[in-house]
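[1] how does the following fold in three dimensions:
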Amino acid sequence: MRRTKKSERLSLKTLCGELELYRDYYYCRKCHYNESPLDERLGLTNLSYKMTKGLMLEAAYYGQNQSSFADASEMLKRALYMEINKETMRTVTEDIGGMVFKAETEKAAYVLENMHEIEFCPAENSKGVLYIMIDGAAVNTRIKDEKGSTWRENKTVIAFTDKDMIKRKDGSHIIMKKEYAAFIGSAEHFRGHVLNTAINAGYGKTRDVVIIGDGAAWIRNMGREIFPEAVQILDLYHLKENIYGYAKHKFANNEKEYVSWAEIFIDKIEKGNVKEALQLLPEKENLPANVVNLRTYINNNIDRVDYPEYKEKGYFIGSGAIESANKVILQRRLKQAGMRWSVPGAQDVLSLRAKVESNRWDSDVKTLLAVS
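    Residues are numbered from 1 along each chain as shown. Next up is the predicted model:
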C-alpha cells in the first residue's frame, strides 16, 4: 500500500547555513520502497551526513589542512558558522579521501598497464629536465606488524621540471609547480603512482629525466624499470650523512678525527675520484646495524655518483625538494604529538594532501564529486 506524508521535514546543512525543507514523501510499508521526487530534482538523494556535497568538500579540505579534526571543526565553525563535530569531520574527510585514492589507484594501474601504448619519446628539439624524487617516511598507526611495530612507511614522490622553477639571487630555487603522490604500501604497487605523477608533471615532453633518491634498492629498481632512459643520482646529502655516520663510528666520535676524515672522503667523491675514496675503506669489516657499510653503499650506487658530470649538465644533486615534500604532505598533518592512524585513514588524508599541494583540488577532487 502506497502512503504519502505531506510536508515531510528534511534538515540539511549547506555552505549557506542549515536549511529546513518540507516536501512530500512517498513510501510503501509492504516493500519498503520510498521516494521523494523533489529530493531527486534538487540532487539531494543519497546525501551522507545530511549535508550538501559542497559542504562535505569544505569539511574535507579543513580536515586535511588543519593539525587535527578538532581544529578542522573549529575552523569550519569560524569560517562558515557551521557546527560539525570532529568525528563527522574525520569521517567526511576519510570518505572523500578514500574516493580520491580509489580513483588515483585505478588511474595508476591503467597507465602502468598501458605504458607501452603511450608515447614518451620527446621531440628532437625538446629541452628541459624532468626531476623525479622519491623517498619514504614513517607514519604511526594503530596496527602492529609481524615485528610488533606500529610504524608504516609512506612512500612519497614529487615531480617537476626546470621550467617550473624560479632561481633566486642566492642560487636557490623556488618550485612553482609540482606534482605529488603519497602511498602507504609496497614499492610494486607504488610504481603506477610514480609513473602517473611523472606524466602529470610532463614526462615525455622534456629532453632529460633525472631521478634522485637516497640509494634504496627499491628506488633504483623502480627507476630502471619505469624510466630506463633516466639519469639516476644518489642524493649527495644522504651520502654525506652516511659518510659522517660511518666516520663517527670509525673514530669513536672523536670530532677532530672524524670530521677531517669525512671531509677528505667527501672531497674525493665530489671531484669524481671514487676509486681513491674507496681505498680509504677496508675490504671487509663488522659494523653495528645502525652504521652503514659505506663500501657496499657506494658500490651499489657506483653509477649514480658522477657528481662532476651532473654539475656540468646543471642537474640538481640533492633531494631537498622531497625532504620538504615529506614535511608538507606527511609530517605537518599526520605526525602531531600522540597521533595514531588507521592505515586506510592515513592514506585517505595523504591522498587529499597530495591533491592540495599539487594544486589539483578543484580539477580532481571537486570534479570527482561533480561539484561546480
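
[2] kindly provide the distance from G314 to A201.
    18 Å (Cβ to Cβ, to the nearest Å). C-beta coordinates here come from the backbone N, C-alpha and C atoms, glycine included.

[3] of those two, which one has the most company?
    A201 (23 against 9; other Cβ atoms under 10 Å).

[4] tell me who's in contact with the more buried one.
    130, 132, 159-161, 164, 178-179 (Cβ atoms under 8 Å, 6 or more residues apart in numbering).

[5] how close does the nearest residue to it once chain neighbours are set aside get to S358?
    For A201, ignoring the flanking residues on the chain, the nearest one in space by Cβ to Cβ, 6 or more residues apart in numbering is A159 at 3.6 Å. For A159, the distance to S358 equals 9 Å [Cβ to Cβ].

[6] of these two, who's got more company?
    Taking other Cβ under 10 Å, A159 and S358 do not tie; A159 has more neighbours (28 against 21).

[7] in the helix or strand the more buried one falls within, what's buried?
    Under the criterion of DSSP states H and E, A159 resides in strand 151-161. Across strand 151-161, burial judged by 16 or more other Cβ atoms under 10 Å covers 152, 154-161.

[8] ok, stretch 235-247 next?
    Neighbour-count burial for stretch 235-247 flags 235-236, 238-240, 242-247 (criterion: 16+ other Cβ under 10 Å).

[9] tell me which of those residues is nearest to V292?
    N242 (4.5 Å; Cβ to Cβ).

[10] hang on, the earlier thing: what is the mean pLDDT for the strand holding A159?
    Here strand 151-161 scores 96 as its mean pLDDT.

[11] please apply the same query to stretch 224-239.
    95.

[12] where along the stretch 151-300 of the chain do the helices fall?
    In the stretch 151-300 of the chain, the segments counted as helices under DSSP state H, counting those that start in this stretch are 187-201, 217-226, 236-250, 255-270, 274-278, 294-300.

[13] count of neighbours near the nearest residue to Y244 once chain neighbours are set aside?
    Counting by Cβ to Cβ, 6+ apart, the nearest residue to Y244 once its immediate chain neighbours are dropped is A262, at 5.1 Å. Using other Cβ under 10 Å, A262 is surrounded by 19 other residues.

[14] again, but for V328
    V328: 18 neighbours (other Cβ under 10 Å).

[15] so it: helix, strand or coil?
    helix (DSSP: H, G, I helix; E, B strand; the rest coil).

[16] can you read off the pLDDT for the spatially closest residue to it that is not a sequence neighbour?
    Nearest residue to V328 in three dimensions, chain neighbours excluded: E357, at 5.8 Å (Cβ to Cβ, 6+ apart). The score at E357 is 96. That number is its pLDDT.

[17] and the pLDDT for L10?
    69.

[18] cool, L47 as well?
    67.

[19] got a list of what the residue nearest to G345 when sequence neighbours are not counted touches?
    Nearest non-adjacent residue to G345, counting by Cβ to Cβ, 6+ apart: E94, 5.1 Å away. By Cβ under 8 Å, 6+ apart, the contact set of E94 is 344-345, 348-349.

[20] thanks a lot, catch you later.
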